[in-house]
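Visitor: fold the stuff below for me.
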Amino acid sequence: MASPSSLALLVAGVREWGMEEPSDAELEARYRPALEDERAALSAQTAQSADARQVVELDQQAVGRLSRMDALQGQAMQKGLEARRAARHRAIDAALQRFADAEFGFCEDCGDFIGHGRLSVDPCVTRCVSCAG
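Guide: Below is the predicted model:
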């Protein structure tokens, strides 16, 4: 049987490593601001890169062949970045919806608390380590 002091250390360790199940209000206070900040940053990046995703002019008189190729490559890279930003934006929106549904921070497969360590790396995760792996 564990002594009272070792039990206290175990409880302290559980709290320190984030395995204790927090309330919905604690989860929201801890993770919602970061999610909203990231969503705002993604929206700003999307707005800033709008020109780089526009159709590339193919007039040979205006720019040379290599310049057009460079512009096409830049456009393709910006479109790829925008696709990744859109996917991340959808993941953030889904995480914010889980707050409203009182499901944030809990594994969608087993229902266990995901853990602060995993959520602090990516608050959009939907599965605990056991179910994800």
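
Visitor: in the protein, where's the longest helix?
Guide: When the chain is parsed with DSSP state H, its longest helix is helix 65-100.

Visitor: and that helix, what's buried?
Guide: Across helix 65-100, burial judged by 16 or more other Cβ atoms under 10 Å covers 68, 71, 78, 82, 85, 91, 92, 95, 96, 98, 99. Just so you know, the C-beta spots here come from the backbone N, C-alpha and C atoms, and that holds for glycine as well.

Visitor: now render those as CSV, adding pLDDT.
Guide: Converted to CSV, these look like this (pLDDT from 0 to 100):
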residue, pLDDT
68, 73
71, 75
78, 82
82, 88
85, 93
91, 97
92, 97
95, 97
96, 97
98, 96
99, 95
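
Visitor: next secondary structure element downstream of the longest helix of the chain?
Guide: helix 116-121 (DSSP states H and E).

Visitor: got the CA coordinates for whichever helix or strand comes after that following helix in PDB?
Guide: The helix or strand immediately downstream of helix 116-121 is helix 129-132, counting by DSSP H and E. Extracted C-alpha coordinates of helix 129-132, given in PDB (Å, rounded to 0.1, in the frame of the first residue of the first chain):
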ATOM      1  CA  VAL A 129      -2.000   9.000 -27.700                       C
ATOM      2  CA  SER A 130      -3.300   5.400 -27.300                       C
ATOM      3  CA  CYS A 131      -6.000   5.800 -30.000                       C
ATOM      4  CA  ALA A 132      -3.900   7.900 -32.300                       C
END
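
Visitor: name the residues that touch helix 129-132?
Guide: Applying Cβ atoms under 8 Å, 6 or more residues apart in numbering, the contact partners of helix 129-132 are 107, 109, 110, 112, 115, 118, 125.

Visitor: what's the longest helix of the chain packed up against?
Guide: Contact here means 3 or more Cβ pairs under 8 Å, 6 or more residues apart in numbering; DSSP states H and E; on that basis helix 65-100 packs against helix 24-48.
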